[in-house]
Structure formats: structure tokens, C-alpha cells
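Novice: Following is a predicted model, sequence given first.
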Amino acid sequence: QVQLVESGGGLVQAGGSLRLSCAASGRTSSGYATGWYRQAPGKEREFVAGITWNGASAYYSDTVKERFTISRDNAKNTVYLQMNSLKPEDTAIYYCNIGGFYSIPNERAGDYWGKGTLVTVSS
């Protein structure tokens with residue numbers, strides 16, 4: 001069993017930045033690829049970014065490419081999502097996910113999810 005805890009969400013003005021963290025515990029979580037997803041009010045959950053277990057490859061949705069950066073520190077069992085140039089449409093609950101396959105276009109989520117952290121971007 002793996003537990004995931006997201007943090008770093010909050011309220012930010014458009015154009016600002018936030019860094020989300022996903023801390024994992026339990027079974028060896030550093031051996032898993034990790035992804036970030038988000039769900040905006042009234043919308044379905046969507047893929048945001050993913051990273052391989054060793055950090056060698058990263059994948060991004062077109063809507064966040066060149067604004068968001070995913071990274072990981074396996075020594076800390078933590079994956080990060082640096083979000084720059086935030087837009088009001090980035091407002092959502094952001095979820096961490098592990099054990100999936102995050103290479104586009106064949107992305108699929110794994111079985112383990114965190115509870116999410118809320119990001120609100122004001123205009």
C-alpha cells in the first residue's frame with residue numbers, strides 16, 4: 001500500500017507561480033512513475049504531467065506544456081509540480097497518482113491517488 005499526500009496549493013493571482021509537492025510513503029514509492037492530474041469544478045479529471053521513476057522522462061498535456069515542470073527527489077520520496085504563468089483556467093484540485101503510464105497519447109492513471117490540493121488562480 002502506498003499513501004500520497006499533496007501540498008502547496010493555495011490562492012494566487014494570474015501570472016503567478018506555485019509549487020506542489022506529492023509526498024509518498026508506504027511500499028517503495030520511488031520505483032513508480034508518478035503523475036499529476038487535476039479536476040476543475042464541473043469538469044472531468046484530466047492529466048497534467050507525468051514523470052518516470054528515475055526522472056529521465058517527463059510528459060505534459062498541451063495545456064500546461066512550457067508553463068509547468070514536473071520533477072522528483074527519490075531520496076525524499078517526493079514529486080514536485082512547478083507551475084508558472086498560472087491562468088484562471090488552471091484553477092482545480094490537483095491530484096498525485098502513481099503506478100500509471102504517463103506517456104502521451106497512451107496515458108493511463110495508476111491505482112493510487114492522493115486526496116488532492118486546491119489551486120485557485122484569480123484574474
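Specialist: Alright, I've got the coordinates.
Novice: Give the rounded mean pLDDT of stretch 6-20.
Specialist: For stretch 6-20, the mean per-residue pLDDT is 98.
Novice: any idea how far that stretch is from the chain center?
Specialist: Distance of stretch 6-20 from the chain centroid (C-alpha atoms, centre = their mean, to the nearest Å) equals 12 Å.
Novice: which residues touch that stretch?
Specialist: Identification of contacts with stretch 6-20 by C-beta atoms under 8 Å, 6 or more residues apart in numbering yields 21-23, 36, 80-88, 93-96, 114-123. (Each C-beta comes from the backbone N, C-alpha and C, glycine too.)
Novice: which of those residues are buried?
Specialist: Among the contacts of stretch 6-20, those scoring as buried are 21-23, 36, 80-81, 83, 86, 93-96, 114, 116-117, 119, 121 (criterion: 16 or more other C-beta atoms under 10 Å).
Novice: Of those residues, which belong to strands?
Specialist: Secondary structure from DSSP state E places 21-23, 36, 80-81, 83, 93-96, 117, 119, 121 of these in strands.
Novice: now for those residues, which pair is the farthest apart?
Specialist: Every pair in those was compared (C-beta to C-beta); the two farthest apart turn out to be A23 and V121, at 23.3 Å.
Novice: how about the strands in this protein?
Specialist: Counting by DSSP E, the chain has these strands, from start to end: 2-7, 10-13, 18-26, 34-39, 46-51, 58-60, 68-73, 78-83, 92-98, 112-113, 117-122.
Novice: Poorly predicted segments of this protein, please.
Specialist: Residue ranges of the chain with pLDDT under 70: 28-30.
Novice: Can you name the residues bridging to the most centrally placed residue in the chain?
Specialist: Nearest to the mean C-alpha position of the chain, by C-alpha atoms, centre = their mean, lies W36 at 2.4 Å. With DSSP bridges as the criterion, W36 is bridged to A49, C96.
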